[in-house]
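Undergrad: Mind folding the following:
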Amino acid sequence: MKYLLDTHTLLWAVDAPEKLSAQAVEIVCGHDSQVFLSIATPWELAIKANRGRLDVEELLNDFERAVLSAGYEILETTVPQVIRAGMLPLHHRDPFDRLLIAQSLDCQIPIVSCDGVFDLYDVRRIWN
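TA: So this is what the prediction gives:
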């Protein structure tokens with residue numbers, strides 16, 4: 001099955017796996033899972049690192065190699081997805097999460113996240 005990881009899910013998988021739910025661990029480590037990351041993920045990480053909110057420079061230095069070696073794939077973003085993200089109801093204003101929501105809806109891929117804000121949209125969120 002296909003899954004789209006929220007940014008915090010990726011970070012926890014890399015640095016703090018104890019924070020992941022049992023279901024999230026199954027997904028990020030499972031051999032039956034096709035795990036995707038949004039192109040918004042490295043963008044969000046870079047912005048937060050630049051603001052001093054995250055120490056992820058090592059991950060960002062070779063992001064694609066690290067992601068691919070973990071068996072994950074980058075989900076390319078389409079123009080319709082970006083437009084959809086901008087047109088979503090304003091339940092949530094975070095542009096990174098809005099793009100994840102649009103991609104999840106467009107590709108019909110559930111999001112692996114502990115963030116309940118995704119429940120305000122018609123996406124399938126997996127955590128527990």
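Undergrad: rest of the way, CA atoms for contacts and neighbours
TA: Will do.
Undergrad: What segments of the protein are helices?
TA: 7-15, 22-29, 40-50, 57-61, 63-69, 79-87, 95-107 (DSSP state H).
Undergrad: do you know which of those helices lies nearest Gly116?
TA: The closest of the helices of the chain to Gly116 is helix 95-107. By C-alpha to C-alpha, the value is 11.4 Å.
Undergrad: Only C-alpha atoms, please: export the closest one in CSV.
TA: Coordinates of each C-alpha in helix 95-107 appear next as CSV, following Å, rounded to 0.1, in the frame of the first residue of the first chain:
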residue,chain,number,x,y,z
PRO,A,95,1.3,25.8,3.3
PHE,A,96,3.3,22.6,3.8
ASP,A,97,0.4,20.7,5.3
ARG,A,98,-2.0,22.1,2.7
LEU,A,99,0.2,20.7,-0.1
LEU,A,100,0.3,17.3,1.7
ILE,A,101,-3.5,17.4,1.9
ALA,A,102,-3.9,18.2,-1.7
GLN,A,103,-1.4,15.5,-2.8
SER,A,104,-3.2,12.9,-0.5
LEU,A,105,-6.5,13.8,-2.0
ASP,A,106,-5.3,13.8,-5.6
CYS,A,107,-3.3,10.6,-5.4
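Undergrad: Centroid-wise, who is the farthest residue in this structure?
TA: Gly52 (20.4 Å; C-alpha atoms, centre = their mean).
Undergrad: May I have the residues that are in contact with that residue?
TA: With contacts defined as C-alpha atoms under 8 Å, 6 or more residues apart in numbering, Gly52 has no neighbours.
Undergrad: For it, give its distance to Ala46.
TA: Distance, Gly52 to Ala46, by C-alpha to C-alpha, to the nearest Å: 10 Å.
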